[in-house]
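In: Compute the structure for the input listed below.
(chains A and B)
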Amino acid sequence: KAGVTQTPRYLIKTRGQQVTLSCSPISGHRSVSWYQQTPGQGLQFLFEYFSETQRNKGNFPGRFSGRQFSNSRSEMNVSTLELGDSALYLCASSLLLGADTEAFFGQGTRLTVV
Amino acid sequence: GENVEQHPSTLSVQEGDSAVIKCTYSDSASNYFPWYKQELGKGPQLIIDIRSNVGEKKDQRIAVTLNKTAKHFSLHITETQPEDSAVYFCAASRGRASYDKVIFGPGTSLSVIP
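Out: Numbering: from 1, shown residues only, chains lettered A, B, ... in the order given. I've put the predicted structure just below:
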């Protein structure tokens, strides 16, 4: 069974640009969550999608957005990149909605903003 | 706001010794406590979890204990091996709540010295 796939693995962008990250969940999983991981702030929740609907959003500015497609694949977009957006972006999929359902993480996309 | 404290931030043990990581949570409504292991270059992986109706859970060399009164929970790894070297995260959530209610600890970097 294939795991959670995130593409690309690494990205280097310039301040002011925008970026789109992709996440393919485990087959059959309908819930996808996104997290930002930095050394200073740890793991911070970005948003959660279930059946193409955003169910929850973390405390991030509107420059961070996402969507989920009918096949459960999800994308997140960051516009007008800032240096502070440099981080590892992790996607997690789970079978059901809810925090006590096991979440399977992808390897992440390492974004560097220069 | 709610938070989860985790200690120690770094831990070095000799191969074969035990390792203990402790977490304290502030939200008294938390009832689900997962532990994640993150190896270098990979996403977090759930290694064990415990719910509030259980005081202890064991899976081979890994065990977790929960003291709801004191709002403490701990991860115990016995007979450590070099492949146990990783960053470990504890988390607390309200179970059926969505992933935005999952609060992660800052992580413990465990090094097992051969």
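In: For residue 109, give me its contacts.
Out: Went with chain A since none was named. A:Gln6, A:Thr7, A:Pro8, A:Arg9, A:Tyr10, A:Leu11, A:Leu21, A:Leu88, A:Tyr89 (CB atoms under 8 Å, 6 or more residues apart in numbering or on different chains). Every C-beta, even on glycine, is put in place using the N, C-alpha and C of the backbone.
In: Switch to chain B, please.
Out: If you count contacts by CB under 8 Å, 6+ apart, B:Ser109 has them with B:Ser9, B:Thr10, B:Leu11, B:Ala86, B:Val87.
In: any idea how far A:Gly3 is from it?
Out: 24 Å (CB to CB, to the nearest Å).
In: and what of B:Val87?
Out: B:Val87 is 19 Å from A:Gly3, by CB to CB.
In: Could you list the buried residues of stretch A:32-43?
Out: Going by neighbour count (16 or more other CB atoms under 10 Å in any protein chain shown), the buried part of stretch A:32-43 is A:Val32, A:Ser33, A:Trp34, A:Tyr35, A:Gln36, A:Gln37, A:Gly42, A:Leu43.
In: Among the contacts of B:Ser109, which pair sits farthest apart?
Out: Pairwise distances across the contacts of B:Ser109 (CB to CB) peak at 13.9 Å, for the pair B:Ser9 and B:Ala86.
In: Phi first, then psi, for B:Glu83.
Out: phi -70, psi -10 (degrees, to the nearest 10).
In: give the contact list for the residue nearest to it when sequence neighbours are not counted.
Out: Leaving aside its chain neighbours, B:Glu83 sits nearest to B:Val112 (7.9 Å; criterion: CB to CB, 6 or more residues apart in numbering or on different chains). Applying CB under 8 Å, 6+ apart, we find B:Val112 in contact with B:Ser12, B:Val13, B:Gln14, B:Glu15, B:Ala19, B:Thr80, B:Gln81, B:Pro82, B:Glu83, B:Asp84, B:Ser85.
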